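**Student:** mind looking at a prediction? Sequence and model below.
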Amino acid sequence: MKYQVFNRKFHYWAAFGIAIPTLIIICSGIVLQLKKHSAWIQPPEQTGSMGGPVISFDQVLEICRSIPEAEIASWDDINRVDVRPSLGMLKVWAKSSWEIQIDSKTGRVLQVAYRRSDLIESIHDGSWFHDSVKLSIFLPAGIMLLLLWLTGMYLFILPYYVRWRRKLKKSRVRSRES
């Protein structure tokens, strides 16, 4: 079988085989591109009192406990804390996907909002389905997408290369004749 025929058949069947995971990756990636522009995806960052953080982590936990929708009882219920000194605030991401933004000087709650970007990211990388799905379907789909890109570039460049070679060959023949 010629390489070109194999390449076209590979391109055809590989594209079919990774169509659904690739569609999920593309669509979720498009949504993630908009996360800083859509409060529905990711809450916008609020600005607190300028200066370094003054409140303690014990105070942060108490503030978070006072917000019922976040469902925080202990540090076990918190996914992560992101301190933003340049904005004078800190973000607390609860495992329940709620985000609490707290003024790092006064302890005032600046915003409480549901955060969807982490869910969308887990769909994007396949871990939302299961870690085995991430590694057995989404990783191979990503590798196949790279191979499809490479074979697609080959198929795109090949006609130009063939024309260039013909033109070069004709010019050599002409130069020999003269």
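**Tutor:** Okay, I see it. Residues are numbered from 1 along each chain as shown.

**Student:** which helices and strands sit right next to the longest helix seen in the chain?
**Tutor:** Longest helix in the chain, counting residues (DSSP state H): helix 139-177. Taking 3 or more CB pairs under 8 Å, 6 or more residues apart in numbering; DSSP states H and E as contact, the helices and strands that helix 139-177 lies on are helix 3-17, helix 19-33. Glycine gets a C-beta too; all of them are placed from N, C-alpha and C.

**Student:** and the residue lying closest to Glu71 once chain neighbours are set aside, how far from Ile78?
**Tutor:** Distances taken as CB to CB, 6 or more residues apart in numbering put Ser96 closest to Glu71, at 4.6 Å, once the chain neighbours are dropped. According to CB to CB, to the nearest Å, Ser96 stands 10 Å off from Ile78.

**Student:** so for stretch 54-66, what gets flagged as buried?
**Tutor:** For stretch 54-66, a neighbour-count test (16 or more other CB atoms under 10 Å) marks 55, 60-61, 63-64 as buried.

**Student:** er, stretch 21-39 actually
**Tutor:** Across stretch 21-39, burial judged by 16+ other CB under 10 Å covers 21-22, 24-25, 28, 31-32, 35.

**Student:** and the angle for the longest helix of the chain with helix 3-17?
**Tutor:** 150 degrees (axes from the mean of the first three to the mean of the last three CA atoms, to 10 degrees).

**Student:** before we move on, the earlier item: tally of neighbours for the residue nearest to Glu71?
**Tutor:** Ser96 has 14 neighbours, counted by other CB atoms under 10 Å.

**Student:** kindly report the same for Ile100.
**Tutor:** When neighbours are counted by other CB under 10 Å, Ile100 comes out with 26.
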